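Engineer: Turn this into a structure:
(chains A and B)
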Amino acid sequence: MRTRLLSLMAVILSMGLWSCNDQCKETRVTRRQIPFTRTLADIRASVKIESPHEMKRPGKLYTKGKYLFINEIKQGIHVIDNSNPSSPAFVSFIAIPGNGDLAVKGNTLYADSYTDLVAIDISDPTKAKEVGRVQNVFQNGQFDGAWWNINAVNGSVWDSEDATIQDFTVDYVEETITTNCEDTTPYPYYFNSVNSFWDMASFGTSASAASSSPNSAPGTSGKAGSMARFALNNDFLYTVSLTSLHLFDISKPTAPTTSGEINVGRNIETIFPYENKLFIGSANGMFIYDNADPKNPKQLSVFQHGTACDPVVVANDIAYVTLRTGTACWGTQNQMDLVDVSDASSPKLIKTYQMQNPHGLSVDFPTLYLCEGDFGLRIFDVTDKMGIDKNMLSTFSNIHAYDVITMGKNLLVIGKDGFYQYDASDVKDVKLLSRILVKK
Amino acid sequence: MRALILVLIYVLAGNIVVAQEEPFKRRYVNHTELGGLFGRVKYNLGGTTNVVESKNSLTAQMFNGMQLNNRLSVGGTVGVDWYKTVLINPIAAGARFDLVGRKNARLYATGDVGYGFGWFQQDSDGFNTKGGWMINPGIGMRYGKPEGNAFTIGISYKRQEVHVDKPLQWEQTIRYEDRVYNRLVIRLGMSF
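Structural biologist: Numbering: from 1, shown residues only, chains lettered A, B, ... in the order given. Predicted coordinates:
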């Protein structure tokens, strides 16, 4: 008995003496930017066709005819044969360094490649080849919140082939540190504060969305997302950079030429053509431009809103503007604004709806498809514009949805986990047709 | 830990048999204690130097149960532990067992196993504290008549887990902290 008691006491006391140290570990996943440089000559020589790749970090989504084009952030474009939506097949991969946006007119694909706009003949997507290039039209940009810019050589030799692009590789680092078990633990010593955290052009924490189709000549151009920074209108391609609207004359599709630049404002994110107007989304508001003369867009009005990422689509003279919170956008609201734009020179707010975390959206009136990020995809009937929240038709909460394009019967959805395609012929009973998951 | 549990089972099982020797009437028991949680923490600021700090916090708990025989009582324990930045309410299953001693001064073993909840925790903006599992074995001295009021002093070991989601700092996408409070506990109490 006495022996048992002694052993019990010894165990308890030894644990008390040896183990009475609080053990607290903080786990952090931090986004880290690693700088690298590449010469323009090297970048320009790297546009080429490759065998199909697996998707790793999908970006913008674009569809034209039977093909889907999915941007692989900063790497190029996946070309996917979608003639059978139940079984889309990778056709090829067009390697385009520094690519984030695209648009297709006829058999020509237009894509950005850091400073340049590249025209690529895709009449046979397995043998796509570069046919035209406009050099040095974009001076900076960003992917995943990391800004790239051009390093001039010998002073200001901005267009020299020797010039280099200064860019950053973004990766995510997990670390575990011991803490003092309180909330006052100091910041990690490798604190990285190189760049701000805007992330408008790609996934990750980005703004990303989808839209109704560009309003260019029917049958000649494809359909882009509302987060697109490229828009087609007849013989013109419009692109938006951080502060400007760039115009390109593509009357000769394989030989695009720059046709002017208009200073719009700051933090421009998206462009959406509707009838003869351009709706430009910025972090602070929606700009409406009259595009009756495609060579010379003129600002009609600005609809101001709080600072937030704000993809916009327009249907039946109503603009649907989503605002959401998130590190990238600095916003404090998660909402969707309906704005009457029947008089484009005087847009009027119709109603604001509270949402969870609205991202991309697409309208096939009277149906609205809305991506809610981690909260999935929601489908609304918007016939009653004052009661949209009471007319939710269905919801998919088991996917991560950033971007959606409605093709009438078919629905294309992309998120950080992959690409999903649905049969939406009955909006109350949407069925999954196929999916392409991101390689982890 | 496993060794401790085995020893406890061994000791309890061995003495339950002994306890059958005397006639006994079951009754309600209460054991209320107040004390301190004492420990240290060693952490690293990111350089090569560790920092070691002492920690102490207040603890209070109440055991309510049934005296099953002259030595063993089992029941439930509710308590409050004021760690520096977390207020935890443990709810546990507990046992008290008199090991040895004279009638008016006995050595007893105590054990509580349960879950500490963060119901009354008030978090700073962006923090979200959740409780976790708790275990608290120990021994003590009980001074008083076996079936009357008694004064107790106990020493035990307490392990309390806590999870805290923290606000993101610059360029972070995930940030959380898993805490294990390992404390030496000294309590004074009353039982009846």
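Engineer: Name every strand pairing with the longest strand along chain B and say which way it goes.
Structural biologist: When chain B is parsed with DSSP state E, its longest strand is strand B:172-191. Here strand B:172-191 has these sheet partners by DSSP bridges: strand A:21-39 (antiparallel), strand B:27-44 (antiparallel), strand B:150-165 (antiparallel).
Engineer: Excluding sequence neighbours, find me the nearest residue to residue A:60.
Structural biologist: residue A:71 (4.3 Å; Cβ to Cβ, 6 or more residues apart in numbering or on different chains). The C-beta positions use only the backbone N, C-alpha and C, and glycine is treated the same way.
Engineer: Check the gap between the one you found and chain B for me.
Structural biologist: From residue A:71 over to chain B the distance is 21 Å, taken as Cβ to the nearest Cβ, to the nearest Å.
Engineer: tell me which residues form a beta bridge with that residue?
Structural biologist: residue A:77.
Engineer: centroid residue for chain B?
Structural biologist: residue B:136 (3.6 Å; Cα atoms, centre = their mean).
Engineer: got the contact list for that residue?
Structural biologist: Residue B:136 sits next to B:90, B:92, B:110-113, B:156-159, B:185 when contact means Cβ atoms under 8 Å, 6 or more residues apart in numbering or on different chains.
Engineer: repeat that with 7 Å
Structural biologist: B:112, B:156, B:158, B:185 (Cβ atoms under 7 Å, 6 or more residues apart in numbering or on different chains).
Engineer: Let me have the residues you listed in a markdown table, extended by distance to residue A:291 and neighbour count.
Structural biologist: As requested, these are exported to a markdown table (distance: Cβ to Cβ, whole Å; neighbours: other Cβ atoms under 10 Å in any protein chain shown):
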| residue | distance to residue A:291 | neighbour count |
| --- | --- | --- |
| B:112 | 74 | 25 |
| B:156 | 77 | 25 |
| B:158 | 71 | 25 |
| B:185 | 75 | 24 |
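Engineer: Out of those, which is nearest to residue A:33?
Structural biologist: Of all the contacts of residue B:136, residue B:158 has the smallest distance to residue A:33: 43.7 Å, by Cβ to Cβ.
Engineer: Might one say that the closest one is in contact with residue B:186?
Structural biologist: No - using Cβ atoms under 7 Å, residue B:158 makes no contact with residue B:186, being 10.7 Å away.
Engineer: how many neighbours does residue B:63 have?
Structural biologist: 24 (other Cβ atoms under 10 Å in any protein chain shown).
Engineer: State the distance from it to residue B:33.
Structural biologist: Distance, residue B:63 to residue B:33, using Cβ to Cβ, to the nearest Å: 8 Å.
Engineer: coming back round to it: which stretch among the strands paired with strand B:172-191 approaches residue B:71 most closely?
Structural biologist: The nearest among the strands paired with strand B:172-191, by Cβ to Cβ, is strand B:27-44 at 11.7 Å.
Engineer: Would you mark the buried spots in the closest one?
Structural biologist: Across strand B:27-44, burial judged by 16 or more other Cβ atoms under 10 Å in any protein chain shown covers B:29, B:31-33, B:35, B:37-39, B:41, B:43.
Engineer: Now tabulate these in JSON lines and tack on pLDDT and distance to residue A:59.
Structural biologist: As requested, the buried residues of strand B:27-44 are exported to JSON lines (pLDDT from 0 to 100; distance: Cβ to Cβ, whole Å):
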{"residue": "B:29", "pLDDT": "92", "distance to residue A:59": "67"}
{"residue": "B:31", "pLDDT": "93", "distance to residue A:59": "64"}
{"residue": "B:32", "pLDDT": "95", "distance to residue A:59": "63"}
{"residue": "B:33", "pLDDT": "95", "distance to residue A:59": "61"}
{"residue": "B:35", "pLDDT": "95", "distance to residue A:59": "59"}
{"residue": "B:37", "pLDDT": "94", "distance to residue A:59": "52"}
{"residue": "B:38", "pLDDT": "94", "distance to residue A:59": "55"}
{"residue": "B:39", "pLDDT": "92", "distance to residue A:59": "50"}
{"residue": "B:41", "pLDDT": "89", "distance to residue A:59": "45"}
{"residue": "B:43", "pLDDT": "87", "distance to residue A:59": "40"}
